[in-house]
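Novice: Structure for this input, please:
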Amino acid sequence: MNTAAGDSPQLTVRAAVLGIVLALVMAAANTYLGLFAGMTIASAIPSAVVSMAVLKALGGGGILENNIVQTGGSAGSSTATGVIFTTPALVMLGYWSDYRYGWVFAFAALGGVLGVLFTVPLRRALIVEQKLRFPEGAAAAEVLRAGANPANGAKLLGVSAAIGGLTKLLAANGLRVIPDTAAAAGWFGKSLAYIGTNVSAALLGVGYICGVNTGIVIVAGGVIAFNIALPLYSNFLLADNATLSAAVAGLSAADAAGLIWSKQIRYIGVGTMLVGGLWTLFSIRGAMVSSVRAALNAAQKMRAGGSVDETELDLPLKPMLIGVALCTIPLFFLYHSVVGSFWISLPMTLAMVVLSFVFCAVSAYMTGLVGGSNDPVSGMIIATILSASGMLLLLGSNATTGPVAAVMIGAAVCCALCLASDNLQDLKCGHLVGATPWRQQVMLALGALTSALVLAPLLNLLAKAYGIGIADAAHPNPLIAPQAVLISSVAKGLFGGALPWNMVTAGALLGVIVIALDEWLRRGSSGARAPVLAVAVGVYLPMDVTMPILLGGLLSWFVSRRQRRTHTAGEEAPNSRGMLYAAGLIAGESLMGVLIAIPIVLSGNADVLALPEAWQFGSLPALALYAVVAWLLYRAATHER
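Specialist: Below you'll find the predicted structure:
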């Protein structure tokens, strides 16, 4: 490890500016991706590649300066994740008519900075003393170390981003040359069955990065929803629901399947998610205690002072505590403006601080063990909503303000824990390359603050162009925003709202079965797992969204098999190119989705970019184009030219 951090430039003006620009770009891309697919992707490695290429073109850029840039860039995706998983619920609950700039900025900026500050005492405990893996941080360090020819990586990223953007432009909401999905559905007596896949390059990239095990588990949830629960419900229970039966009558099989799934079947995922969230907290109870104890011990060591090497210099404890207070006080006044009672707003604020600290520690610890992609954010947010709702019910909150207040607590906590997870990954990378921790912590806070500036306008743009979470006449196929829909449903249900509790109960039973299966697999030697939260996400997402994730995972598996057969020592690992190419597909499609929204909103016409009907084709050309995109990804990953 390089220990001469002071000998190389780190937090320079150009590094800070480039880091902020990348943070804004990654925030925009992950805002669209998270609302569209319910998943976001870490952006440290693409940011590192872009940084190396840009700074080299400017006449320099050492490994430590590039590390600062990737630190800032990765903050954008984490800040976006915290916002999009929670704040759309406030619109769905009817509290907001649109995305309020001041509120969204406050949750993103103040919650994000809290996440950075709460993990300051965790760095030494988890990275230096316990030496946890933090796989994405270690991978980013390897990219920085191997950056002898960053132009090739930047070119690969640029080409794949162009391909991802082009496929999005050709699809619905764009030129409409091809449809978004290829699907089939049919009635078999009284039973209804459905299968389909989206032709999104971004989802293919998500699956490639997540891997085949995650893809199989998520699609298994979709199969349970669409090929088991949907036929059973339509055959045995649909006739008992007069309202839904009337709505289904006269619809095509595909539309009927979508309606039944959205009104009933998807709530199986709610029950599975609730059980999964509680199980996650129970199963990591030891890690929770250890991580909080490590944070307190590290803070005590910081207070002791003494001479510290520059590569071990964190933000000082006193400024950290002042920062926590400065972030907490504005949130107290915001909460008070909603509930209007000091005796409710003060406990809300205290609950937000305590839950943020605990879940930041848990998120950081879990990220160190299994990586950010497997960090159970959804489970921790569900636990936050349950805890906050229970407290608010005891304090006498009603069905009008209670769900809103619970979601507002969850919004700040979610932003904090997403930044905490990202912070520790970046600090692991910095630890491996010899960076100064406090400089990275400052850059992360800057990335969170600047990303927060654009999230409300982005959400309003996407809501006006596509709709978010709730279908209406103007937006019959909105961005699905699954976490936010789930959170709004749970919060409303806990305060007496209507939920299909029979479906929620069935989902809870499914959660118990999946947990038992996962425990059995864990004791085996195959290495396969069935994480309950991944199954819940599969039930809760449309099948056409989950299927491409499986296809991408299978593609990654085939590439890995080829790599094991042909890779020799000293050669560039082929799958690293595949990961970069997949990241480009995700960024290109996501950014194109944002760009397409601009003319739609300005014109007020969803068909403004659509070509004449003679140029619009069906599912087979779409699948053919998708096969080409998959082949190009495989070709790039295996180094074939």
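Novice: Does residue 550 touch residue 204 like I think?
Specialist: No - Residue 550 sits out of contact with residue 204 when judged by Cβ atoms under 8 Å, with a separation of 10.0 Å. Just so you know, the C-beta spots here come from the backbone N, C-alpha and C atoms, and that holds for glycine as well.
Novice: more neighbours, these two?
Specialist: Between residue 550 and residue 204, counting by other Cβ atoms under 10 Å, residue 204 is the more crowded of the two (29 against 24).
Novice: so the residue lying closest to the more buried one once chain neighbours are set aside is in which element?
Specialist: Excluding the flanking residues, the one nearest residue 204 by Cβ to Cβ, 6 or more residues apart in numbering is residue 552, at 4.4 Å. Using DSSP states H and E, residue 552 maps to helix 543-566.
Novice: buried sites along that helix?
Specialist: 543-557, 559-560, 562-563 (16 or more other Cβ atoms under 10 Å).
Novice: Tell me the helices and strands packed up against the host helix or strand of residue 362.
Specialist: Of the helices and strands defined by DSSP H and E, residue 362 is found in helix 342-370. Applying 3 or more Cβ pairs under 8 Å, 6 or more residues apart in numbering; DSSP states H and E, we find helix 342-370 packed against helix 101-118, helix 120-123, helix 285-304, helix 317-339, helix 377-394, helix 402-433.
Novice: Tell me how far stretch 331-348 lies from the chain's centre.
Specialist: Averaging C-alpha positions (Cα atoms, centre = their mean, to the nearest Å) puts stretch 331-348 29 Å from its chain's average.
Novice: Stretch 600-619: which residues count as buried?
Specialist: 600, 601, 606, 610, 619.
Novice: Setting aside sequence neighbours, what's the nearest residue to the first one?
Specialist: Counting by Cβ to Cβ, 6+ apart, residue 600 lies nearest to residue 465, which is 4.2 Å off, once chain neighbours are set aside.
Novice: Double-check that neighbour against residue 601; I have them as touching.
Specialist: Yes - taking contacts as Cβ under 8 Å, residue 465 lies within contact range of residue 601: 5.2 Å.
Novice: which stretches of the stretch 201-350 of the chain have low pLDDT?
Specialist: By pLDDT under 70, the weakly predicted segments of the stretch 201-350 of the chain are 281, 284, 287-312.
Novice: Same check on the chain?
Specialist: 1-7, 60-61, 146-151, 281, 284, 287-312, 369-376, 497, 567-575, 640-641.
Novice: ok, then the element right after the helix or strand hosting residue 50?
Specialist: Residue 50 belongs to helix 44-57 when elements are defined using DSSP H and E. Using DSSP H and E, the helix or strand that follows helix 44-57 in sequence is helix 63-84.
Novice: on contacts alone, who are the packing partners of the next helix or strand after that following helix?
Specialist: Downstream of helix 63-84, the first helix or strand assigned by DSSP H and E is helix 88-92. The contact analysis (3+ Cβ pairs under 8 Å, 6+ apart) places helix 88-92 against helix 402-433, helix 482-494.
Novice: which residues touch residue 356?
Specialist: 111, 114, 115, 118, 412, 413, 416, 417 (Cβ atoms under 8 Å, 6 or more residues apart in numbering).
Novice: How about it, nearest residue that isn't a chain neighbour?
Specialist: residue 416 (4.2 Å).
Novice: OK, contacts around that neighbour?
Specialist: Contacts for residue 416 (Cβ under 8 Å, 6+ apart) come out as 82, 111, 112, 114, 115, 118, 356, 359, 360.
Novice: got it, and residue 175?
Specialist: 169, 609, 610, 611, 615.
Novice: That one belongs to a strand, doesn't it?
Specialist: No - under DSSP: H, G, I helix; E, B strand; the rest coil, residue 175 falls outside any strand and is assigned coil.
Novice: do you know how far it is from residue 609?
Specialist: 6 Å (Cβ to Cβ, to the nearest Å).
Novice: can you list residues touching both of those two?
Specialist: If you check residue 175 and residue 609 against Cβ under 8 Å, 6+ apart, the residues they both contact are residue 169.
Novice: pretty sure residue 27 is in contact with residue 74, am I right?
Specialist: No - using Cβ under 8 Å, residue 27 is not in contact with residue 74, being 10.6 Å away.
Novice: Could you check which of the two has the larger neighbour count?
Specialist: Comparing residue 27 with residue 74 by other Cβ under 10 Å, the one with more neighbours is residue 74, at 34 against 30.
Novice: what's the residue lying closest to that one once chain neighbours are set aside in contact with, if anything?
Specialist: Nearest residue to residue 74, sequence neighbours excluded (Cβ to Cβ, 6+ apart): residue 44, at 4.1 Å. By Cβ under 8 Å, 6+ apart, the contact set of residue 44 is 70, 71, 73, 74, 136, 137, 140, 422, 425, 426, 429.
Novice: Just to check, residue 413 is in contact with residue 381?
Specialist: Yes - counting by Cβ under 8 Å, residue 413 touches residue 381, with 7.1 Å between them.
Novice: between the two, which one's more packed in?
Specialist: A direct count of neighbours by other Cβ under 10 Å for residue 413 and residue 381 places residue 413 higher, at 33 against 29.
Novice: contacting residues around that one?
Specialist: 111, 352, 355, 356, 359, 380, 381, 384.
Novice: Kindly reformat those residues as TSV containing distance to residue 189.
Specialist: Output for the contacts of residue 413, formatted as TSV (distance: Cβ to Cβ, whole Å):
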residue	distance to residue 189
111	51
352	52
355	49
356	52
359	48
380	43
381	40
384	44
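Novice: with the residues you listed in mind, which one is nearest to residue 225?
Specialist: Among the contacts of residue 413, residue 381 lies closest to residue 225 (Cβ to Cβ), at 21.3 Å.
Novice: hang on, that closest one packs against residue 414?
Specialist: Yes - Residue 381 is within contact range of residue 414, at 5.2 Å (criterion: Cβ under 8 Å).
Novice: shared neighbours, the two?
Specialist: 85, 86.
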